[in-house]
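Novice: Got a predicted structure plus its sequence, pasted below:
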Amino acid sequence: MLMLDAETRGELWRRLVEAIESYLNGVGEARVAPPLDVEAIRGALAPFDFARPLDPLEALDFAVESLWKWQVHTPHPRYFGLFNPAPTTMGIAADALVAAFNPQLAAWSHNPIAAEIEQHLIRALGSRFGFDPARVEGNFTSGGAEANHTALLTALTRAFPEIGRRGMLALRSQPVLYVSPEAHHSFLKAARLSGIGTEAVREVRVDSSLRMIPEDLAARIEEDRSAGHTPFLVVATVGSTSAGAIDPVAEVAQVADEAGGLWLHLDAAWGGAAALVPELRPVLDGAARADSLTFDAHKWLSVPMGAGIYLTRHPGILERTFRVAAGYMPREGSVLPVADPYAHSMQWSRRFIGLKLFLSLAVAGWEGYAEAIRRQTEMGNLLRERLREAGWTIVNDTPLPVVCFVDTDKDGRSAQFLEAVAARVVASGEAWISTVSLGEGGPALRACITNYRTGPEDLDALVAALGRARQAVETA
Ligand SMILES: Cc1ncc(COP(=O)(O)O)c(C=O)c1O
């Protein structure tokens, strides 16, 4: 039963491809978000006691129907959500191939082509960010959180070379790192998991555009040094999760340098895509000075989930951070001029993550991607215009297509009002949006263009749904 017979396989593949095609063609007509009905979902699963084998086609149909019914359709052109894209066609094909060939990326010699494709991409992307392709190192990760965690660990290893062996005993004093309040919360997790603790994370003040204030960063570093702590890492974000805020990378890099060469990490998980579009490139000014960088292909490069990337311009730091000796692993990696992925990253057995990006990029080319990113940026600008015309006020400041807004009426700025509006839009099935809290800027509605298929008609539908929701909340 694990390998089905040829006839059943033929039918299964046919139905699978049909299901994928009808999803791609029909998702735009579906409700964007399902009702959150826990009982109904658990009820549908209850008959699966696994005592009675199910017909493979029936099992496939169940999965397809359930996914249609019970997921927020992130590939929907009216999903204005959290950086989750509509996947590229080549990305879908790549993930299917990877499932069938099942490459094992722990050791280079088990899958030299997969390992080399990923390293080829690391060099190609590295040079887009201004890193020297001959020196850049990096790896593919499950996502941005793992890449940020990797950054924290590599920075710690550089600052405390003995930490890998002696752990916390190697620390002369409390290590501290600096982020803006807009930084992704994965740094808190990384601080917790690395053992330095969340109190090691310092929040640097931001200006009215939610950009880190370099002078405050310098002052905080000085203060911590005077208190006997050891600053070791500064994180600048290019395209923050809530509001697309862009820290002034070059100035932050200057402060990090003047403070004795602190490790500078750039979290460009989403905004890094700006590197592919000349007119957006200025948001990454200074990126080449970063010691490491996070970029998620499963965000703005629209490949299916699970494709983060960590890059560094310090050859050898990944090896120093992650290598352990294991007698049972293949040894060709230490003889040939290659890197064994398991000795350079957090993961051991690992899926071939890079193929979905490789095939997508091979087919679209840099120019195809630039066009898609440019179009989404234009849709962001058009959304701002449409929202203003409809009586909403934009409260964030970014050239990237994430729009935070409130009702222009002063009573339309409370968290309660905005959450009620977002909840009604989502419940209508017309679109998916969310709310955020922008520090001193207060609460806001948030809509992000995450889909290369989103067009002006989808923006109109969102603005209309918002109008109806606003009226309903006001009269409720
Ligand atoms: C700026 C930023 N960094 C890191 C992450 C974490 O990435 P992932 O969810 O891929 O782990 C996100 C997620 O949205 C993000 O927006």
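Specialist: Structure's in. What do you need?
Novice: Tell me which helix or strand comes right after the helix or strand residue 256 falls within.
Specialist: Using DSSP states H and E, residue 256 falls within helix 249-258. Later in the chain than helix 249-258, the nearest helix or strand by DSSP H and E is strand 263-267.
Novice: Relative to that following strand, what are the paired strands and their orientations?
Specialist: strand 230-237 (parallel), strand 292-296 (parallel) (DSSP bridges).
Novice: mind listing what's buried in the helix holding residue 256?
Specialist: In terms of neighbour count (16 or more other Cβ atoms under 10 Å), helix 249-258 has its buried residues at 249, 251, 252, 253, 254, 255, 256. C-beta here means a position set from N, CA and C on the backbone, and glycine is covered the same way.
Novice: where do the strands sit along this protein?
Specialist: For the chain, the strands defined by DSSP state E cover 137-141, 175-179, 201-203, 230-237, 263-267, 292-296, 308-312, 392-394, 402-407, 434-437, 443-448.
Novice: want to try TSV for those strands, with distance to the ligand and mean neighbour count as columns?
Specialist: Putting the strands of the chain into TSV (distance: least, Cβ to the nearest ligand atom, whole Å; neighbours: other Cβ atoms under 10 Å) gives the following:
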stretch	distance to the ligand	mean neighbour count
strand 137-141	8	26
strand 175-179	11	25
strand 201-203	14	18
strand 230-237	6	26
strand 263-267	5	28
strand 292-296	5	30
strand 308-312	5	27
strand 392-394	20	19
strand 402-407	10	24
strand 434-437	12	18
strand 443-448	10	25
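Novice: Looking at those strands, spot the one closest to residue 459.
Specialist: strand 443-448 (8.9 Å; Cβ to Cβ).
Novice: contacting residues around the closest one?
Specialist: Applying Cβ atoms under 8 Å, 6 or more residues apart in numbering, the contact partners of strand 443-448 are 80-83, 242-244, 380, 383, 392, 395-396, 401-406, 413-415, 418-419, 421-422, 433-438, 462, 466.
Novice: How about stretch 321-331?
Specialist: Stretch 321-331 is contacted from outside by 106-107, 109-110, 150, 153-154, 157, 164, 340, 342-346, using Cβ under 8 Å, 6+ apart.
Novice: run the last query once more with 10 Å
Specialist: By Cβ atoms under 10 Å, 6 or more residues apart in numbering, the surrounding residues in contact with stretch 321-331 are 106-110, 139, 150, 153-158, 163-164, 312, 316, 334, 339-348.
Novice: I'd like the C-alpha coordinates of that stretch written as CSV, please.
Specialist: Provided in CSV are the C-alpha atoms of stretch 321-331 (Å, rounded to 0.1, in the frame of the first residue of the first chain):
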residue,chain,number,x,y,z
THR,A,321,29.2,28.0,14.7
PHE,A,322,27.7,24.6,13.6
ARG,A,323,30.4,22.0,12.8
VAL,A,324,30.4,18.9,14.9
ALA,A,325,32.1,15.6,14.1
ALA,A,326,29.9,12.6,13.4
GLY,A,327,31.6,9.3,12.5
TYR,A,328,28.5,7.9,10.7
MET,A,329,28.3,10.8,8.2
PRO,A,330,29.8,10.5,4.7
ARG,A,331,33.2,12.1,4.6
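Novice: For residue 187, give its distance to residue 402.
Specialist: 20 Å (Cβ to Cβ, to the nearest Å).
Novice: mind listing what the closest residue to residue 70 other than its chain neighbours touches?
Specialist: Nearest in space to residue 70, with sequence neighbours left out and distances taken as Cβ to Cβ, 6 or more residues apart in numbering, is residue 34 at 5.0 Å. Going by Cβ under 10 Å, 6+ apart, residue 34 touches 40, 41, 68, 69, 70, 71, 72, 73, 429.
Novice: Quick check on those: which are buried?
Specialist: Buried positions within the contacts of residue 34, assessed by neighbour count (16+ other Cβ under 10 Å), are 68, 72, 73, 429.
Novice: pLDDT and distance to residue 330 for those - can I get that in a markdown table?
Specialist: Output for the buried ones among the contacts of residue 34, formatted as a markdown table (pLDDT from 0 to 100; distance: Cβ to Cβ, whole Å):
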| residue | pLDDT | distance to residue 330 |
| --- | --- | --- |
| 68 | 97 | 43 |
| 72 | 97 | 42 |
| 73 | 98 | 42 |
| 429 | 96 | 51 |
